[in-house]
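Asks: Build the 3D model from these lines:
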Amino acid sequence: MKHTIKELEDIASQIRRDIVRMVHGCQSGHPGASLGCADFFTALYFEVLNHKTDFTMEGAGEDLFFLSNGHISPVWYSTLAHAGYFDKSELATFRKLDSRLQGHPTTHEHLPGIRIASGSLGQGLSVAIGAALAKKLNGDKSHIFALLGDGELQEGQNWEAAMFAPFNKVDHLIASIDYNGQQIDGPTSKVLALDSLQAKFEAFGWHVINTDGNDMQAIVEGLHYAKTLTGKGKPILNLMSTQMGAGVDYMMGTHKWHGTAPNDEQLAAALAQLPETLGDY
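Replies: Just a heads-up that it's a prediction; the model follows:
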């Protein structure tokens, strides 16, 4: 391993601090699922992903990552900054005028690490499949990773992509679903129930694994295991259980913090639960 589990947990704690400070700073953004996915992003960028901070759009010879649920940009921006893509001081500009760190990631801002705009939900899996096919055509055996929200699976384009990938043996693709059971209007079970995602994806021909997305050891092991399953004719789906708001007790397990910024008192309460490990921006 490149880092110990404790080191990765410390990185995730700092990323969570950044998330609540960024959203508080502009009084806008999406802290809930950003917090819930902090462990995944830490494991991916600091342990699993073969990537270079000397960013190129093509990423030849590198693993690529695509974020479909782009509203959780705070966790991605913080991860990229701490991984060395840009200086962490830029996190203070989140969602502000002329910032490269827009509320949803965009390419025209030329922020290193961002390859697609992902404000519109439901499109990331299709893009990831296209990138995976391009890698195959180029003889590049690198992996393609994608993250989707569970609520965005109510978008039909996902299921076209879910059919396409197994049929075309897109087998260096590892897609993860942030399975927190919450979306902007409430629990997914009440908005539009997803029922058994594992059964659905297996029926389409995916190899499905299950991980605990808020257990660092489990998510690191799960992503490494997923890589061993690639190249065998099937795309891989990581069905990743998380808690929205993980790490901040009053935000956990509710859709109410999907897109709500903490006030000063709430920020202080959140930061008291999240040790500063890498230094605040």
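Asks: Quick one: the strands in the protein, in order.
Replies: All strands of the chain, identified by DSSP state E, fall at 64-67, 144-149, 173-179, 182-183, 186-187, 207-212, 236-241.
Asks: who does the fifth one pair up with?
Replies: Looking back up the chat, that one is strand 186-187. The strands beside strand 186-187 in its sheet (DSSP bridges) come out as strand 182-183 (antiparallel).
Asks: So for the strand it pairs with, mean pLDDT?
Replies: Per-region confidence: strand 182-183 scores 94 on mean pLDDT.
Asks: neighbouring contacts of it?
Replies: Strand 182-183 is contacted from outside by 32, 33, 149, 150, 151, 188, 191, 244, 253, 254, 255, 258, using Cβ atoms under 8 Å, 6 or more residues apart in numbering. From N, CA and C alone the C-beta is placed, and that goes for glycine too.
Asks: Show me which of those residues has the smallest pLDDT value.
Replies: residue 253 (89).
Asks: What segments of the stretch 101-250 of the chain are helices?
Replies: Here the stretch 101-250 of the chain has its helices, by DSSP state H, counting those that start in this stretch, at 124-137, 157-167, 188-191, 197-204, 216-228.
Asks: hey, which of these is tucked in deepest?
Replies: A comparison of the helices of the stretch 101-250 of the chain by mean neighbour count, using mean count of other Cβ atoms under 10 Å, puts helix 124-137 on top with a mean of 21.
Asks: roughly how far out does that one sit from the chain middle?
Replies: A distance of 17 Å separates the centroid of the chain from that of helix 124-137, by Cα atoms, centre = their mean, to the nearest Å.
Asks: swap in stretch 72-82?
Replies: 9 Å.
Asks: for stretch 85-104, same thing?
Replies: Using Cα atoms, centre = their mean, the offset of stretch 85-104 from its chain centre is 18 Å.
Asks: can you pull the buried residues of that stretch?
Replies: Residues of stretch 85-104 classed as buried: 85-86, 88, 90-95, 99-104 (neighbour count, 16 or more other Cβ atoms under 10 Å).
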